[in-house]
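K.L.:
structure for this input, please:
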Amino acid sequence: MKSVISKILIISLAFNSFYFLNAQVKVDYNKVGAYKYQLQFMAFSKHPDAIAFEKNVRKISDFFITNSETMKNRKGFDLKMITYGARWNDRTAEWTIKPVRPYQFGLRGELVFLFQLFLTNGNQWTVEPPYMKLYINETETGGHAGLLNDGEANSELKKYFFVSTLRSEIAPGVHYYNSLTNTSGQIVVFNPKRAPYWLPVTVRELTQAKLNYYKNGSESDKAVYDFIKPIVDAMGEEELNAPAFYGSEDAILNVNGKGQGLQIMKFNPDYWDRTLPPSSIQYITIFYNEFGYNCADENCWKSKKAEFYRDNGHSEFWEEITKEIPLEKLGNLIDKKIKY
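P.N.:
Numbers count the residues shown, from 1 in each chain. All right, here's what the predicted structure looks like:
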């Protein structure tokens, strides 16, 4: 018992020391940082497609630097930009730069802006510093990244995802989605001359996919199958043919055709312009809340912004940067044919 208490005290002291240490850290805003670039494509960083892709991604980082005063001035931090790429193939258990699913195309990646803060004690925050991230050609973003706990990572169920409400079309090729609580906002940047990037899913399609998955799985999977099969069998044709929404009274099937909850979608393979090179940028998603996280008006945003700065000593960069750039011009970052 004493050893347990001792361990708890040690952990508590360590936590409090860490808390007070970080509470005392202040940013040296008199120091102007530099730009740093890095490409991380696993074993494919020297692949011609990866090099061409990184060159295209550089246009995105240049756009942000040109239009964001915070990024342009770099007061108090080095701005490190990393282009991550490659896909993990669950079926072969290896990395690849090629698509691993039929609805994907070309290279996918993440552009991460790291704000490596200079501290007044002479150190620099380089390990897990504040950051913001953009996803490029990533078919599993823009919604909620698959049906969460449904299916293994490589199962067909992962191609389905539920999406927040379309709040506005900021400009042709720039859509803004968010939940009613303003906590899951995203901007989708796309080519408006292509087919819709998402397709609605019917209750019939999704319930059949779930039945197929759980019927042939483990014993616990089969128990799920035995539970949801009668529920699906009891559905009428009208509901089966209706658009699928996330949620159900049993909280296990989590599919309904009554318009209750968030709509379930899948990525449209016909959206891609496959005549463009694999390194082309055709689809971008960015986390964004119009008035900040969990805020519905400007006054709330100003209050939250001041509170965050007071508590942390620096801006909440991913929230503030997106308010500095001209969102209506994001569509210019998408590679397109000259004529369609």
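
K.L.:
T181 falls within a helix, correct?
P.N.:
No: secondary structure of T181 (DSSP: H, G, I helix; E, B strand; the rest coil): coil, not part of a helix.

K.L.:
burial measure for the residue nearest to it when sequence neighbours are not counted, as a count.
P.N.:
Excluding its sequence neighbours, the residue lying closest to T181 (CB to CB, 6 or more residues apart in numbering) is N294, at 6.2 Å. Quick note: C-beta positions are derived from backbone N, CA and C, even for glycine. Look at N294: counted by other CB atoms under 10 Å, it has 13 neighbours.

K.L.:
N294: which element?
P.N.:
Assigned by DSSP states H and E, N294 belongs to neither a helix nor a strand.

K.L.:
same deal with L166?
P.N.:
strand 165-171.

K.L.:
now do the buried residues in that strand.
P.N.:
Residues 170-171 are the ones in strand 165-171 that count as buried (16 or more other CB atoms under 10 Å).

K.L.:
cool, and stretch 28-47?
P.N.:
28, 31, 33, 39-42, 44-45, 47.

K.L.:
residues making contact with that stretch?
P.N.:
Residues external to stretch 28-47 that are found in contact with it (CB atoms under 8 Å, 6 or more residues apart in numbering): 50-51, 54, 58, 61, 65, 73-86, 95, 97, 116, 118-120.

K.L.:
helix/strand/coil for K72?
P.N.:
Once three-state DSSP is applied, K72 turns out helix.

K.L.:
that one reaches F64, doesn't it?
P.N.:
No: using CB atoms under 8 Å, K72 is not in contact with F64, being 9.2 Å away.

K.L.:
mind jotting down where the strands sit in the stretch 101-250 of the chain?
P.N.:
109-117, 131-136, 160-163, 165-171, 174-178, 186-189, 198-200 (DSSP state E, counting those that start in this stretch).

K.L.:
describe which strands the first one pairs with in its sheet and in which direction.
P.N.:
Which is strand 109-117. strand 77-85 (antiparallel), strand 131-136 (antiparallel) (DSSP bridges).

K.L.:
for the longest one, the averaged confidence score.
P.N.:
Taken as a whole, strand 77-85 carries a mean pLDDT of 96.

K.L.:
identify all contacting residues around that strand.
P.N.:
27, 33-42, 44, 50, 53-54, 57, 61, 65, 71, 97, 107-118, 124, 129.

K.L.:
hmm, 7 Å instead?
P.N.:
By CB atoms under 7 Å, 6 or more residues apart in numbering, the residues outside strand 77-85 that reach it are 33-41, 50, 53-54, 57, 61, 71, 97, 107-118.

K.L.:
alright, calling it a day.
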